[in-house]
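[1] okay, sequence plus prediction incoming.
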Amino acid sequence: MQYFHRQVQLWGEETQMLLQTKRVAIIGSGGLGSSLAFALGASGIGEIHMVDFDEVSHHNIHRQIAFKLGDEKKNKAVINAQIIQERSPFVKAFAHECDFNAFSQKGIEVDLILDATDNLPSRGEINAYAKTKALPWVYGSVEAFHGQVAFIEESSFSDAFKIIKKAPAGIAAPIVMHIASLQANLALRYLAGLTVKKDLLYYLCFNDEGELITQKFGLPKA
């Protein structure tokens with residue numbers, strides 16, 4: 001409890017112990033996944049499963065905070081799981097060197113899935129799996145200076161978004177951490193038993209004048 005002192009001040013020892021019983025899966029261990037690993041790994045969640053088949057590339061490092069020069073060719077999930085364990089030995093972190101489909105076939109039960117992928121088809125797969133398991137999940141995406149976040153429970157990602165293959169555009173590093181922070185806050189509130197506004201899409205962007213704009217939209221029910 002001393003390690004989590006400031007959180008215990010926020011919600012008490014009982015809620016902190018509740019977090020110790022929770023399990024989450026973070027699908028993708030790159031930009032969003034790295035920031036989520038830092039944010040949630042130090043929060044006292046019982047189990048965190050990092051999922052990614054990909055290896056670190058030189059061009060990843062500027063926006064993926066878990067990695068440093070010299071990590072090239074290492075699996076992203078493995079590095080993030082190691083960092084979580086080093087920073088908080090009270091959390092069990094597991095690395096899965098595979099894609100989401102392979103992970104879903106392992107039969108690992110979790111309380112929440114966090115999307116840290118970088119493409120619409122993968123999010124469609126997460127959505128379909130979550131619906132079969134009656135699981136909520138937290139969507140997040142980034143591009144340029146823009147980002148989107150949603151806590152999805154009754155709505156369907158596949159009904160709200162057109163699933164297409166699209167090459168990613170450029171990305172500013174800070175927006176990655178900003179969106180991951182919002183995802184982590186939604187996840188932590190839900191796992192701690194606090195109120196969360198569900199099935200609402202938050203869209204954040206900087207306009208041409210550099211003003212931060214935040215909009216929200218209701219998502220259709222499945």
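    Sure thing, it's come through.
[2] and for whatever helix or strand Ala180 lives in, what's in contact with it?
    Using DSSP states H and E, Ala180 sits within helix 173-191. Residues from elsewhere that reach helix 173-191 (Cβ atoms under 8 Å, 6 or more residues apart in numbering): 18-19, 22, 24, 31-36, 39-40, 43, 45, 62-65, 111-112, 114-116, 136, 138, 140-142, 144-149, 151, 195-196, 202, 204. In this view, the C-beta of every residue, glycine as well, is placed from N, C-alpha and C.
[3] show me which of those residues are buried.
    18-19, 22, 24, 31-36, 39-40, 43, 45, 63-65, 111-112, 114-116, 136, 138, 140-142, 145-149, 151, 196, 202, 204 (16 or more other Cβ atoms under 10 Å).
[4] in strands, which of those residues appear?
    Residues of the buried ones among the contacts of helix 173-191 located in strands (DSSP state E): 24, 112, 114-115, 138, 140-142, 146-149, 151, 202, 204.
[5] widest-spaced pair of those?
    Val24 and His146 (25.3 Å; Cβ to Cβ).
[6] run a quick neighbour tally on the nearest residue to His96 once chain neighbours are set aside.
    Spatial nearest neighbour of His96, excluding adjacent residues (Cβ to Cβ, 6 or more residues apart in numbering): Val51 at 4.6 Å. Counted with other Cβ atoms under 10 Å, residues neighbouring Val51 total 29.
[7] how close does Val51 get to Gly124?
    16 Å (Cβ to Cβ, to the nearest Å).
[8] so who does the residue most central in space within the chain touch?
    When Cα atoms, centre = their mean is applied to the chain, the residue found nearest the centroid is Leu114 (3.9 Å). Taking Cβ under 8 Å, 6+ apart as the criterion, Leu114 is in contact with 24-27, 36, 40, 137-138, 140, 183, 187.
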